[in-house]
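Chemist: Here is the input, now give the coordinates:
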Amino acid sequence: MKWRNVTKGLILAGLGTLAVLAVPSANAQEDELPPTARYAAGEDVDLALIIAEWKERFPDIPVFACACNADVCDHTERWPFRSYDQYQLTVALGPFNGEYTESLGFNCFDIQTGQGLNQEAETPTEPTEPAPPHRTN
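Modeler: This next block holds a predicted model:
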């Protein structure tokens, strides 16, 4: 009788250990999610990680940094499924998503050129020679 209780105790202790060991593996699976998925799930993710993910997957598509200009910008219908307060930042992949994000009250700029969505690209001009200093005698 006593051995049966000891055996049950060892089995239950072993199952408890397995359960404890299984929990970290669930967390490891969450860490394997891409930054965009973690951000959409509500996790505070550094926006630089999202930009790096996009630049790796979509190197030719511009990324826009967007600041909420309204008191509240509701972006809950589409990614990233969040609501933002005034001046909070998010990012948008490509002009289509940037324009949609601006329609929600954000102001977006290309992170590489600094240009807004509807700004024409500036053509670089040749540098001009400085005028010679004016001498007075």
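Chemist: what's downstream of the helix or strand of the chain with the lowest mean pLDDT, the next helix or strand?
Modeler: One helix or strand of the chain scores below all others by mean pLDDT, DSSP states H and E: helix 2-31, with a mean of 46. As assigned by DSSP states H and E, the chain's next helix or strand after helix 2-31 is helix 35-40.
Chemist: now what about that following helix, what contacts it?
Modeler: Helix 35-40 is touched from outside by 30, 45, 46, 49, 50, 52, 53, 54, 79, 80, 81, with contacts defined as C-beta atoms under 8 Å, 6 or more residues apart in numbering. C-betas here are computed from N, CA, C, even on glycine.
Chemist: Mind checking which of these are buried?
Modeler: Among the contacts of helix 35-40, those classed as buried by 16 or more other C-beta atoms under 10 Å are 45, 50, 53, 54, 80.
Chemist: Assign the second one to helix, strand or coil.
Modeler: When classified by DSSP: H, G, I helix; E, B strand; the rest coil, residue 50 comes out as helix.
Chemist: Excluding residues flanking it in the chain, which one is nearest it?
Modeler: Excluding its sequence neighbours, the residue lying closest to residue 50 (C-beta to C-beta, 6 or more residues apart in numbering) is residue 35, at 4.8 Å.
Chemist: From residue 110, how far out is the one you found?
Modeler: Distance of residue 35 to residue 110, given as C-beta to C-beta, to the nearest Å: 20 Å.
Chemist: measure the nearest residue to residue 42 once chain neighbours are set aside to residue 60 for me?
Modeler: Spatial nearest neighbour of residue 42, excluding adjacent residues (C-beta to C-beta, 6+ apart): residue 82 at 7.5 Å. Using C-beta to C-beta, we find residue 82 at a distance of 27 Å from residue 60.
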